[in-house]
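Peer 1: got a predicted model here, sequence first, then my questions.
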2 protein chains.
Amino acid sequence: MVDARWLTLREQQVWRHYIAATRLVESEIDRQLQRDVGLPATYFEILVALSEAPDHTLRMSEVADQLRFSRSRLSHAVAKMEQSGWITRQECPSDKRGAFAVLTDAGLAVLADAARGHVNNVRQLLFDVLTTEQQDQLGEICALLRKANEV
Amino acid sequence: MVDARWLTLREQQVWRHYIAATRLVESEIDRQLQRDVGLPATYFEILVALSEAPDHTLRMSEVADQLRFSRSRLSHAVAKMEQSGWITRQECPSDKRGAFAVLTDAGLAVLADAARGHVNNVRQLLFDVLTTEQQDQLGEICALLRKANEV
DNA sequence: AAGTTGTGGTTGAACTTTCAACCTCACGGT
DNA sequence: ACCGTGAGGTTGAAAGTTCAACCACAACTT
């Protein structure tokens, strides 16, 4: 054994289930999006964020903050999707340092395509497996984790 | 909006809390291990798996299956840690294609060093935030997710 | 015994993420 | 006006992961 101050057996079991389950869900989500639309899940989230914004437009930093991505990460990702024609950049007139990311029609189409399979996948992986009560418990727990460890 | 068949509002909230919370926890775990011992969390898990095996030794494929890593991923990771002197490879006498990964003393020492901070971090991120009841609920939920979506 | 198929594992290239450095511009104080 | 500080964003390199191709050997078939 590694350390006397390890977790209790019960905690250890919870932790290992947690790690395994969250990794499993994440990798399945990723796999499906990659297979069906050649898109990493993180990129998909950027498209979703833009699709919900007024005029399909957001400041780069707003996207980054909302998804808790580093600016660098977002910059690279948007660059890639700009090449694919799904996003364009626009200057910000009121702050010349700033940049807007704008979802294109092509981007919206890709998103719409991806959404069906993605939603089905989320259901199959998560919601179909849990009772309504467990879904509520999970929501509550995750909200707590966010609140306690937020920036 | 993207699609008529999106999740219900309630499901959507749960899903977004889930994504945000699990990413937050994972990235904090990663950050701490990276900062304190220059080690990605996935590499840490490999060391843990080896430390718990008889003779600190496992077949490569056993590690991969246990952690649900691809063989390629494991191969690269072990190569890296072999360079650092934390793991060595050994041939398998009974199957000449096979290879063992063996934790070195140096690897064990790194693991012991990392463990304290890591455990504290897990507590702070997860267990300290939840009631005992919620911890049990989470364990149950994650066990279900694994079972339903396992290979 | 030879050929086929499958398993264990590695490799290199492509891609994503992180990290540090950097550039431009905004804003506050003087 | 000018300087310092810091925010918004990009860039290139390094690190980690995935993907497809591959090698060596095992196991099964005939």
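Peer 2: Sure thing, it's come through. Predicted model only: the values in this text are computed from it and were never measured.

Peer 1: host element of the closest residue to DNA strand D within chain A?
Peer 2: Residue of chain A nearest DNA strand D, by CB to the nearest atom of the strand: residue A:61 (2.7 Å). Yep, even glycine has a C-beta here, placed from its N, CA and C like the rest. Using DSSP states H and E, residue A:61 sits in helix A:60-67.

Peer 1: in the helix or strand just after that helix, what's buried?
Peer 2: Heading C-terminal from helix A:60-67, the first helix or strand you meet, by DSSP H and E, is helix A:71-84. Within helix A:71-84, the residues that qualify as buried are A:74, A:75, A:77, A:78, A:81, A:82, counting by 16 or more other CB atoms under 10 Å in any protein chain shown.

Peer 1: now the helix holding residue A:61: buried residues?
Peer 2: So, applying 16+ other CB under 10 Å, buried residues of helix A:60-67: A:60, A:63, A:64, A:67.

Peer 1: max-length helix in chain A?
Peer 2: helix A:9-37 (DSSP state H).

Peer 1: report the angle between that helix and helix B:60-67.
Peer 2: If you take axes from the mean of the first three to the mean of the last three CA atoms, to 10 degrees, helix A:9-37 sits at 100 degrees to helix B:60-67.

Peer 1: show me what helix A:9-37 is packed against.
Peer 2: helix A:41-51, helix A:105-125, helix B:9-37, helix B:132-149 (3 or more CB pairs under 8 Å, 6 or more residues apart in numbering or on different chains; DSSP states H and E).

Peer 1: with respect to burial, which of those scores highest?
Peer 2: helix A:41-51 (a mean of 20; mean count of other CB atoms under 10 Å in any protein chain shown).

Peer 1: hmm, it in reach of DNA strand C?
Peer 2: Yes - against DNA strand C, helix A:41-51 shows contacts by CB under 7 Å from any atom of the strand at A:42, A:43.

Peer 1: is stretch A:42-52 in proximity to DNA strand D?
Peer 2: No - shown here: stretch A:42-52 not in contact with DNA strand D (CB under 7 Å from any atom of the strand), separated by at least 11.8 Å.

Peer 1: and that stretch, how far out from the chain's middle?
Peer 2: 8 Å (CA atoms, centre = their mean, to the nearest Å).

Peer 1: low pLDDT regions in chain A?
Peer 2: Residues of chain A that meet the criterion pLDDT under 70 lie in A:1-5, A:151.

Peer 1: residues of chain A that sit close to DNA strand C?
Peer 2: Where chain A comes near DNA strand C, counting by CB under 7 Å from any atom of the strand, the residues are A:40, A:42-43, A:69-70, A:72-73, A:76-77, A:80, A:95-97.

Peer 1: same thing but at 10 Å, please
Peer 2: A:30, A:34, A:38-43, A:45-46, A:68-77, A:79-81, A:83-84, A:91-98 (CB under 10 Å from any atom of the strand).

Peer 1: show me which residues of chain A are close to DNA strand D?
Peer 2: Residues of chain A lying near DNA strand D (CB under 10 Å from any atom of the strand): A:23, A:26-27, A:30-31, A:33-35, A:38, A:40, A:58-65, A:70-79, A:82, A:89-92, A:95-101.

Peer 1: do that again at 6 Å, thanks
Peer 2: For chain A, the contact set with DNA strand D under CB under 6 Å from any atom of the strand comprises A:34, A:59-61, A:71-72, A:75-76, A:79, A:89, A:97-99.

Peer 1: which among these gets closest to residue B:114?
Peer 2: Taking CB to CB as the measure, residue A:72 is the one of the residues of chain A next to DNA strand D closest to residue B:114, at 26.5 Å.

Peer 1: from the chain's centroid, how far away is stretch A:32-50?
Peer 2: That offset, for stretch A:32-50, works out to 8 Å (CA atoms, centre = their mean).

Peer 1: ah, wrong one, I meant stretch A:13-33
Peer 2: That offset, for stretch A:13-33, works out to 14 Å (CA atoms, centre = their mean).
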